[in-house]
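> Turn this into a model:
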Amino acid sequence: MTLEIQNLSAGYGSTPVISGIHMTADPGRICAVMGRNGSGKTTLLRCINHVLPPLKGKIRIMGQEITRMARHRIAQIISVVPQGNFSPFSFSCRDMVLMAGAARIRAWAAPSRKEQEQALSAMAEVGIDHLATQAFNAISGGERQLVMLARALFQETPIMLLDEPTAHLDFTNQHRIMALMRKLAANRKMTVIITLHDPNLTCHYCDDVVLIHQGRVAAAGKTADTLTGDVLTQVLGDNIRLDVTTGGVRVAVPASLDPATDRPEYSSVKPLTTHQEKRVV
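Next up is the predicted model:
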């Protein structure tokens, strides 16, 4: 489903946090939203999910305004992987995933055996099916983030919003989850909007990018055309350059770093013995 935002302004009280936002997100593509802390990225996602009503402007899904949709209908269209993930109750990880089916399960009805199997399948897709019976609040922050992603997958919506989903993940899981989202967007024709801080993840996995600076869109378009050193410097507030590796991969680095001098000195480190190498994980 295509998502269109026109002249959107939103905030808390009468003070706007974001103003004049225009953007479009299309099926089968990942759109990254980038900006500094406090720039309004989470506020934008809250508006798209209609948790926060706009002060001005329109949000349309396939031409229909989100403000005119019932809450249960929005839940059938939009799934969310939030930034915070703590439950006040001691639910199991599988129960946390199953709750995402509330929009399609009849009132007072329990999840069917098929739905329980689908929940486990969603957890397996993210690689956390072994956590099914563990208490959600007893696992690590990164693992909870993966449970929330499995929950969004189980919801089976055409639009998915992810608010800094890689923030608590280790390096391997960051790339694993981004690769999974790229695959899902392409195979399921999902519209994926994701807030990110790392321009390298955006360069490598996202088709489109919207950069927000001081509550307004500073640049938007296809990632390959839009994400430049000048734009990143303006939006992220540092002197940033884009280099290209010998393998042809674009990499964003602070331009203040001198590759010849600003790097660790390894010349005094002794090479590992064969025995030591086997112990390294």
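
> Pretty sure residue 201 sits against residue 177.
No. Look at residue 201 against residue 177 with CB atoms under 8 Å: they stay out of range, at 9.7 Å. C-beta coordinates here come from the backbone N, C-alpha and C atoms, glycine included.

> Between these two, which has more neighbouring residues?
The residue with more neighbours, out of residue 201 and residue 177, is residue 177; 23 against 19, by other CB atoms under 10 Å.

> ok so, going back, mutual contacts of residue 201 and residue 177, please.
Contact criterion CB atoms under 8 Å, 6 or more residues apart in numbering; residues shared by residue 201 and residue 177: residue 166.

> What segments of the stretch 51-200 of the chain are strands?
All strands of the stretch 51-200 of the chain, identified by DSSP state E, counting those that start in this stretch, fall at 56-61, 64-65, 78-81, 159-163, 191-196.

> Out of those, which gets nearest to residue 152?
strand 78-81 (3.9 Å; CB to CB).

> Contacts for that closest one, please.
Outside strand 78-81, the residues that touch it by CB under 8 Å, 6+ apart are 45, 48-49, 100, 145, 148-149, 151-153, 155-157, 159-163, 165.

> tell me, how many neighbours does the closest residue to residue 203 other than its chain neighbours end up with?
With sequence-adjacent residues excluded and distances taken as CB to CB, 6 or more residues apart in numbering, residue 203 is closest to residue 250, at 4.8 Å. By other CB under 10 Å, the residues close to residue 250 number 16.

> Wait, residue 250 touches residue 205, no?
No. Counting by CB under 8 Å, residue 250 does not reach residue 205; the two are 12.0 Å apart.

> Which strands or helices does whichever helix or strand residue 202 is part of pack on?
Using DSSP states H and E, residue 202 sits within helix 199-205. The elements that helix 199-205 packs onto, with contact taken as 3 or more CB pairs under 8 Å, 6 or more residues apart in numbering; DSSP states H and E, are strand 29-34, helix 171-188, strand 250-254.

> Direction included, what does the shortest one pair up with?
Strand partners for strand 250-254, identified by DSSP bridges, are recorded as strand 240-244 (antiparallel).

> The strand it pairs with: which residues count as buried?
Neighbour counts over strand 240-244 (16 or more other CB atoms under 10 Å) mark 240, 241, 242 as buried.

> For the residue nearest to the first one when sequence neighbours are not counted, give me its contacts.
So that's residue 240. Using CB to CB, 6+ apart and skipping the chain neighbours, the partner closest in space to residue 240 is residue 232 (4.2 Å). Contact analysis of residue 232 by CB under 8 Å, 6+ apart lists 199, 211, 240, 242, 252.

> Most widely separated two among those?
211 and 242 (13.8 Å).

> Now list whatever residues contact both of those two.
With CB under 8 Å, 6+ apart as the test, residue 211 and residue 242 both reach 227, 232.

> before we move on, the earlier item: return the helix holding residue 202 as PDB; C-alpha atoms alone will do.
What follows is helix 199-205, C-alpha atoms only, in PDB (Å, rounded to 0.1, in the frame of the first residue of the first chain):
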ATOM      1  CA  PRO A 199      23.900   6.200   7.400                       C
ATOM      2  CA  ASN A 200      25.800   3.100   6.500                       C
ATOM      3  CA  LEU A 201      22.800   0.900   7.200                       C
ATOM      4  CA  THR A 202      20.700   3.300   5.200                       C
ATOM      5  CA  CYS A 203      23.100   3.200   2.200                       C
ATOM      6  CA  HIS A 204      23.300  -0.600   2.200                       C
ATOM      7  CA  TYR A 205      19.600  -1.600   2.800                       C
END
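
> After it, which helix or strand is next? Please name it.
strand 208-213.

> Following the chain onward from that following strand, which element is next?
Strand 208-213 is succeeded, C-terminally, by strand 216-222 (DSSP H and E).

> which helices and strands sit right next to that following strand?
Checking 3+ CB pairs under 8 Å, 6+ apart, strand 216-222 ends up next to strand 15-25, strand 208-213, helix 229-236.

> ok now the longest one, how far from the chain's centre?
Read it as strand 15-25. Centroid displacement of strand 15-25 relative to its chain, using CA atoms, centre = their mean, to the nearest Å, is 18 Å.

> Give me the sheet partners of that strand and which way each runs.
Counting by DSSP bridges, strand 15-25 is paired with strand 3-12 (antiparallel).
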